[in-house]
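Participant: Mind looking at a prediction? Sequence and model below.
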Amino acid sequence: MKQQTRMLESPRLIAIAWPFIAVVLLLASLGTFSLYAMSAMRGYVAGESLWSKGQKDAIYYLNLYASSPDERIFQKYRQAIAVPQGGHDLRMALDQPVADTAKARIGLQQGGNHADDFSGIIWFFLNFRHFSYFARAIDLWTIGDGYLFKLDEVAQAMHSSIQAGQAGPDDVRRWKAQILDINEQVTPAAKAFSDALGEGSRFLQRLLIGINLFTAFALIAIALWITRKLLAQRHAFAEALQEEKDRAQVTLASIGDGVIATDVDGAIVYMNPAAEQLTHLKAEQAAGLPLAALFNLLDENAERDASTLIERIRTGQLNGGREHPRMIQRLDGSMVSVALGGAPIVHDSRISGTVLVLHDMTQERQYIANLAWQATHDALTGLANRREFEFRLEQALNGLNDSGTRHALLFLDLDQFKLVNDTCGHAAGDELLRHICALLQSGLGGGDTLARLGGDEFGVLLEHCAPQVAERTAEQLREAVQNLHFVWKGRPFMTTLSVGLVHLHQPPTTLEEALRVADLACYMAKEKGRNRVQVYHEDDTELTVRFGEMAWVQRLRLALEEDRFCLYAQEIASIGGLPTASGHASHVEVLVRLQDESGRIILPNSFIPAAERYGLMPSLDRWVVQNVFKVLRQCLDEGGDQPLAMCAINLSGASIGDDEFLDFIREQLYRYDIPAQLICFEITETSAIANLASAIGFINELKDLGCLFSLDDFCAGMSSFAYLKHLPVDFLKIDGSFVKDMLDDPINRAMVEVINHIGHVMGKRTIAEFVESPLIEQALVEIGVDYAQGYLIERPLPFTCQSLRRADAQGRGARVSPTSPHVCD
């Protein structure tokens with residue numbers, strides 16, 4: 001796409017012309033070089049002619065001077081010999097490591113060369129000195145200069161003798177013979193020098209002609225290649241332009257928005273298919289018509305828009321995007337909602353037309369309406385959802401300030417609805433929900449609100465409804481659901497309804513409070529056996545207790561997050577002289593306490609019921625186990641070989657038989673490297689019997705690791721003896737309700753005796769709780785109970801290494817009075 005965009009850009013003049021400019025410059029440079037080289041060579045040829053003429057004239061005048069000793073003839077000789085001597089000076093000035101061009105110019109001037117040829121001759125010598133033909137010519141030049149030096153020596157000797165009057169006929173004959181000999185020797189050298197220059201000149205001419213022809217053909221090929229490339233680029237540009245045009249046409253034809261293009265006067269020149277569909281007019285019919293002839297632009301109130309659309313586009317008022325939805329009225333009178341957008345077409349800073357975009361908003365408006373409905377309604381049943389229900393409830397609560405206004409809020413929960421999903425699948429459950437919703441809706445008035453709040457939970461808001469009418473309506477809804485016979489694939493199902501009802505009549509009542517008490521009333525209806533209506537009353541004690549438990553849930557979660565639980569320990573002392581499985585005479589029971597936001601210590605009976613009811617005990621059990629192991633690891637690291645008391649940890653029924661919790665205990669034992677014989681887990685009789693198979697497997701798994709088990713609150717239920725023989729526990733804890741009154745109630749004493757005897761028969765050790773006086777301890781010793789726990793033995797103390805070692809020391813006969821403060825570490 002980037003390449004195509006670059007192709008469509010306007011090419012610059014230099015981008016097109018530079019290859020031709022380069023060709024012209026190259027040809028001009030090559031021609032200039034050729035002419036300059038030929039001119040320099042011509043200068044050498046002319047110089048050679050002058051050199052040859054000067055050499056011949058010098059021989060002629062010197063020979064004449066020998067016959068007629070006239071000083072004027074000798075001066076002519078001097079003038080003639082000066083020409084080749086100038087050539088010699090030229091060669092010597094240039095034929096050295098650093099050329100002396102000034103001296104070379106003097107030699108050229110002396111040799112009679114034209115001043116315009118000086119630079120070319122010097123340039124040619126310096127650049128072609130070692131060129132084959134020219135190098136040979138220079139060598140011959142050097143030879144010729146040697147003969148001339150000999151000639152000049154003869155001339156100087158002749159001139160001196162003649163001037164001294166000592167020249168005789170023999171001398172003249174000898175001089176002429178020497179001149180003739182030099183002439184015969186220099187002539188072939190001069191001819192060879194001339195031939196070498198001529199051959200070099202001709203070779204240079206052929207070379208330059210060849211180079212010029214080759215360059216011309218090469219430049220022609222380059223020009224043809226560049227021209228072909230330019231033509232290909234132009235062809236590609238035309239194709240790209242056509243492709244872009246086709247793409248624009250296809251795009252405009254494919255998009256869902258209507259596009260209308262006009263000329264500068266507002267006449268229509270183009271309409272895509274979407275615009276034809278919007279205006280109910282073909283592009284051929286609309287061509288040339290003004291834009292106002294296609295439709296009328298109306299505002300939200302279906303009034304004609306007084307402004308001119310074309311003028312708004314020209315001034316750029318629609319450039320920022322789509323306007324808010326407007327209405328257009330077509331020629332047939334029908335109207336459609338559209339969003340407008342448009343922009344002027346600007347070319348060379350002038351507006352040449354406009355483009356108008358019409359986006360059909362019909363579908364968007366339908367989507368918005370659907371989304372608004374989905375935001376406030378349940379998709380499965382079509383009822384109002386929780387959000388809408390809470391909004392209407394809040395509106396109703398805000399109207400309670402009006403005197404005499406009364407409303408009623410109902411929470412409905414289907415009983416055993418999960419059975420339908422589990423046995424027949426969710427399709428059956430969904431169908432049952434639709435039947436029930438239709439049934440409930442038929443039992444309500446037009447001003448009442450029925451909403452689905454969750455899976456099988458519903459809410460009903462009865463506005464301006466007296467309490468008696470609200471309770472009667474709730475009962476009718478319950479009976480209607482009870483009488484519904486639902487059949488799925490031949491299988492009949494019956495379901496019932498638990499209803500929580502709250503009368504709303506006195507402000508201030510907040511939305512959160514109304515929903516909470518209605519949910520609590522529905523929960524109580526389920527607790528009392530389901531298929532009933534539970535009406536909330538502020539003075540209902542049972543509801544108050546449940547409400548308190550629900551308030552505890554958030555406090556307990558926050559306490560776990562903030563680590564505000566702490567551990568206490570209470571000694572379990574041997575009163576029968578028997579050691580524990582850990583080898584010590586006593587061990588401790590670990591007790592959990594809660595430190596509230598103000599730092600007060602809260603006993604477990606205040607929060608354990610809520611934790612058990614709302615599923616927080618597994619988290620609390622994990623916290624206790626992990627923190628007990630941390631303290632034990634610290635004690636083992638600090639105390640070395642000093643013995644520690646065994647720790648009894650209470651576990652809830654929710655944790656027994658939980659494989660994940662079992663893995664957690666194994667992981668903690670391995671992580672902190674705690675000897676398993678230091679751990680005894682206490683489980684209640686009720687939780688063990690309720691999950692007997694799981695409890696047995698759970699106990700056996702941990703006993704294999706070396707842990708011990710104690711059965712707490714034994715005999716609180718009368719079915720304990722039937723199950724005791726199946727539970728592989730090590731200790732039986734006699735319920736404190738029998739122990740604390742055993743001195744005054746012979747039946748309680750007999751129960752203690754029976755439990756102790758049965759425990760010993762089964763090989764288990766017994767622990768008595770609530771030992772608070774020496775007389776009770778003495779009675780337990782007489783009965784033969786093994787261990788005692790209670791305020792007489794020790795009050796609960798913070799769980800520390802000191803309390804563990806003190807308990808072990810007391811078990812060995814050195815009991816220490818508790819002095820530690822009752823605070824969390």
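Facilitator: It's in.
Participant: And Phe389, how far from Gly445?
Facilitator: Distance, Phe389 to Gly445, using C-beta to C-beta, to the nearest Å: 16 Å. Where C-beta positions appear, they are placed from N, C-alpha and C, glycine not excepted.
Participant: Those two: which is more packed in?
Facilitator: Summary of the neighbour comparison: Phe389 and Gly445, criterion other C-beta atoms under 10 Å, with Phe389 having more neighbours (24 against 10).
Participant: sec struct for the closest residue in space to the more buried one that isn't next to it in sequence, please.
Facilitator: The shortest distance from Phe389 to any non-neighbouring residue, by C-beta to C-beta, 6 or more residues apart in numbering, is to Ala451 (3.5 Å). Here Ala451 takes the strand state, with states given by DSSP: H, G, I helix; E, B strand; the rest coil.
Participant: Can you tell me who Ala451 pairs with across the strands?
Facilitator: Under DSSP bridges, the beta-bridge partners of Ala451 are Ala384, Gly459.
Participant: Now do the same contact list for it.
Facilitator: Ala451 makes contact with Asp378, Leu383, Ala384, Asn385, Arg386, Glu388, Phe389, Phe458, Gly459, Val460, Leu461 under the criterion C-beta atoms under 8 Å, 6 or more residues apart in numbering.
Participant: hmm, try it at 6 Å
Facilitator: Residues near Ala451 by C-beta atoms under 6 Å, 6 or more residues apart in numbering: Leu383, Ala384, Phe389, Gly459.
Participant: Check it and give its pLDDT.
Facilitator: Listed pLDDT for Ala451 reads 92.
Participant: And for Leu662?
Facilitator: Listed pLDDT for Leu662 reads 92.
Participant: ok, it - contacts?
Facilitator: With contact set as C-beta under 6 Å, 6+ apart, Leu662 has these partners: Glu701.
Participant: quick one, domains of the protein?
Facilitator: Per the record's domain assignment (automatic domain parsing), the chain is made up of the domains 35-217, 256-366, 377-538, 551-811.
Participant: now these as JSON lines including distance to Ala22?
Facilitator: Converted to JSON lines, those look like this (distance: least, C-beta to C-beta, whole Å):
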{"stretch": "domain 35-217", "distance to Ala22": "12"}
{"stretch": "domain 256-366", "distance to Ala22": "33"}
{"stretch": "domain 377-538", "distance to Ala22": "75"}
{"stretch": "domain 551-811", "distance to Ala22": "81"}
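Participant: Run a quick neighbour tally on Val338.
Facilitator: Around Val338 there are 23 other residues, counting by other C-beta under 10 Å.
Participant: secondary structure class for it?
Facilitator: Three-state call for Val338 (three-state DSSP): strand.
Participant: Could I get the pLDDT score of it?
Facilitator: The per-residue pLDDT of Val338 was computed as 82.
Participant: doesn't Leu356 make contact with it?
Facilitator: No. Taking C-beta atoms under 6 Å as the contact criterion, Val338 and Leu356 are not neighbours in contact, 10.2 Å apart.
Participant: and stretch 643-650, how far from the chain's centre?
Facilitator: How far stretch 643-650 lies from its chain's middle: 52 Å, per C-alpha atoms, centre = their mean, to the nearest Å.
Participant: Repeat that for stretch 264-277.
Facilitator: Offset of stretch 264-277 from its chain centre (C-alpha atoms, centre = their mean): 44 Å.
Participant: now the helices for the stretch 1-150 of the chain?
Facilitator: Taking DSSP state H, counting those that start in this stretch as the test, the helices found in the stretch 1-150 of the chain are 2-8, 13-67, 71-94, 101-110, 118-128, 132-164.
Participant: Which one of those has the poorest average confidence?
Facilitator: Comparing mean pLDDT over these, the weakest stretch is helix 2-8, at a mean of 48.
Participant: With adjacent residues omitted, what lies nearest to Tyr614?
Facilitator: Nearest in space to Tyr614, with sequence neighbours left out and distances taken as C-beta to C-beta, 6+ apart, is Val553 at 4.8 Å.
Participant: so how far does stretch 95-114 reach from one end to the other?
Facilitator: With C-alpha to C-alpha, to the nearest Å applied, stretch 95-114 spans 21 Å between its terminal residues.
Participant: So what touches it?
Facilitator: Contacts with stretch 95-114, where a contact means C-beta under 6 Å, 6+ apart, come from Gly47, Leu50, Ala82, Val83, Gly86, Gly87, Asp89, Leu90, Ala93, Leu94, Phe118, Ile122.
Participant: Tell me which two of the residues you listed sit farthest apart.
Facilitator: Ala82 and Ile122 (19.8 Å; C-beta to C-beta).
Participant: Those two: which has the busier surroundings?
Facilitator: More neighbours surround Ile122 than the other of Ala82 and Ile122, with 20 against 15 (other C-beta under 10 Å).
Participant: give me every residue that touches the more buried one.
Facilitator: Under the criterion of C-beta under 6 Å, 6+ apart, the neighbours of Ile122 are Thr101, Ala104.
Participant: Look up how far Val98 lies from it.
Facilitator: Note on Ile122: its distance to Val98, by C-beta to C-beta, is 13 Å.
Participant: what's the answer for Arg174, then?
Facilitator: Spatial separation of Arg174 from Val98 under the definition C-beta to C-beta is 43 Å.
Participant: which residues in the stretch 401-550 of the chain form strands?
Facilitator: Counting by DSSP state E, counting those that start in this stretch, residue ranges of the strands within the stretch 401-550 of the chain are 407-415, 449-452, 457-462, 486-488, 491-493, 496-504, 533-535.
Participant: closest one to Tyr270 among the ones you listed?
Facilitator: Taking C-beta to C-beta as the criterion, Tyr270 comes closest to strand 449-452 out of the strands of the stretch 401-550 of the chain, the separation being 52.7 Å.
Participant: Val785 is in contact with Ile767, isn't it?
Facilitator: No. Taking contact to mean C-beta under 6 Å, the distance of 7.6 Å between Val785 and Ile767 leaves them out of contact.
Participant: Those two: which is more packed in?
Facilitator: Residue environment comparison for Val785 versus Ile767 gives the larger neighbour count to Ile767, 30 against 26, counting by other C-beta under 10 Å.
Participant: part of a strand, is the more buried one?
Facilitator: Yes. For Ile767, which was evaluated using three-state DSSP, the result is membership in a strand.
Participant: And the helices in the stretch 201-350 of the chain, which stretches?
Facilitator: When secondary structure is read from DSSP H, counting those that start in this stretch, the stretch 201-350 of the chain shows helices at 273-279, 283-286, 309-314.
Participant: my bad, should have said the stretch 351-500 of the chain
Facilitator: In chain order, the stretch 351-500 of the chain shows helices spanning 362-376, 386-398, 417-424, 426-442, 467-482, with DSSP H, counting those that start in this stretch as the criterion.
Participant: Compare those helices and give me the one nearest Phe237.
Facilitator: Using C-beta to C-beta, the nearest of the helices of the stretch 351-500 of the chain to Phe237 is helix 362-376, at 40.7 Å.
Participant: Please point out which parts of that closest one sit buried.
Facilitator: Of the residues in helix 362-376, those with enough neighbours to count as buried (16 or more other C-beta atoms under 10 Å) are Thr376.
Participant: Report the angle between it and helix 386-398.
Facilitator: Using axes from the mean of the first three to the mean of the last three C-alpha atoms, to 10 degrees, the inter-axis angle of helix 362-376 relative to helix 386-398 is 70 degrees.
Participant: Can you list the neighbours in contact with helix 362-376?
Facilitator: Counting contacts by C-beta under 6 Å, 6+ apart, the residues outside helix 362-376 that touch it are Glu388.
Participant: mind listing the strands in the stretch 201-350 of the chain by residue range?
Facilitator: If DSSP E, counting those that start in this stretch is used as the criterion, the strands of the stretch 201-350 of the chain fall at 258-263, 268-271, 295-298, 326-330, 335-347, 350-360.
Participant: just to revisit the earlier point, would you list the strands of the stretch 401-550 of the chain in JSON lines and tack on distance to Ser694?
Facilitator: Formatted as JSON lines, the entries for the strands of the stretch 401-550 of the chain read as follows, by distance: least, C-beta to C-beta, whole Å:
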{"stretch": "strand 407-415", "distance to Ser694": "27"}
{"stretch": "strand 449-452", "distance to Ser694": "36"}
{"stretch": "strand 457-462", "distance to Ser694": "31"}
{"stretch": "strand 486-488", "distance to Ser694": "33"}
{"stretch": "strand 491-493", "distance to Ser694": "30"}
{"stretch": "strand 496-504", "distance to Ser694": "29"}
{"stretch": "strand 533-535", "distance to Ser694": "33"}
